[in-house]
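# I would like the atomic coordinates for the input below:
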Amino acid sequence: MKTFLLASALMLGISGFAVAQEAPKFFSETYPSHGLQSALEARSALQSEEAVLDAKTRELISLAVAAQIPCSYCSYAHTERARAEGATDEEIREAVAAAAQVRHWSTVLNGMQYDLEAFKSEFDEMFGTTE
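Below is the predicted model:
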């Protein structure tokens, strides 16, 4: 029961939850025991009340990254958490498609070795940004 409660706390982003030996197996059996507690605390800190991003936005970003890594475990977990935080199927599709667009253009620009300084100059001119 402790494992279930801790796993629920982790997935829900509840901070200050447990010691390393109570972590769910998918954490405790895959992460070095001497660093597990601090890793869990760091993860929890990003989901605390002090976090600037709301939970739905954070989960959509996490899903977009997971899709690009790619990581089936993360994609599953962050899709489910995004839905639990109120994300619609359309928002989920858009987050993944936005990540795909970033990956697409990164592939093109990097593959063609487009000059980074020229890119920055063109981008800043297009969007009126400066350093």
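
# for the chain, what's the longest helix?
Counting by DSSP state H, the longest helix found in the chain is helix 89-111.

# Quick one: classify residue 53 as helix, strand or coil.
The local conformation at residue 53, judged by DSSP: H, G, I helix; E, B strand; the rest coil, is coil.

# For it, give me the pLDDT.
In this model, residue 53 is scored at 96, pLDDT.

# residues touching it, list them.
With contacts defined as CB atoms under 8 Å, 6 or more residues apart in numbering, residue 53 is in contact with residue 61. C-beta: built from backbone N, CA, C; applies to glycine.

# on that earlier part again, got the buried residues for the longest helix of the chain?
Within helix 89-111, the residues that count as buried by 16 or more other CB atoms under 10 Å are 91, 92, 95, 96, 99.

# And the helices in the chain, which stretches?
2-12, 25-28, 33-45, 55-68, 72-84, 89-111, 116-127.

# Against residue 110, how distant is the residue sitting nearest the centre point of the chain?
With distances taken as CA atoms, centre = their mean, the chain has residue 62 as the residue nearest its mean C-alpha position (2.2 Å). Distance check for residue 62 against residue 110: by CB to CB, to the nearest Å, it reads 24 Å.

# Same check on residue 82?
From residue 82 across to residue 110, the span is 29 Å (CB to CB).

# same question, residue 84
Residue 84 is 35 Å from residue 110, by CB to CB.

# try residue 89
For residue 89, the distance to residue 110 - CB to CB - is 31 Å.

# Show me the chain divided up by domain.
1-51, 53-131 (automatic domain parsing).

# Which of these comes out lowest on mean pLDDT?
domain 1-51 (a mean of 72).

# Count the neighbours of residue 77 for me.
Neighbours of residue 77 under the rule other CB atoms under 10 Å: 18.
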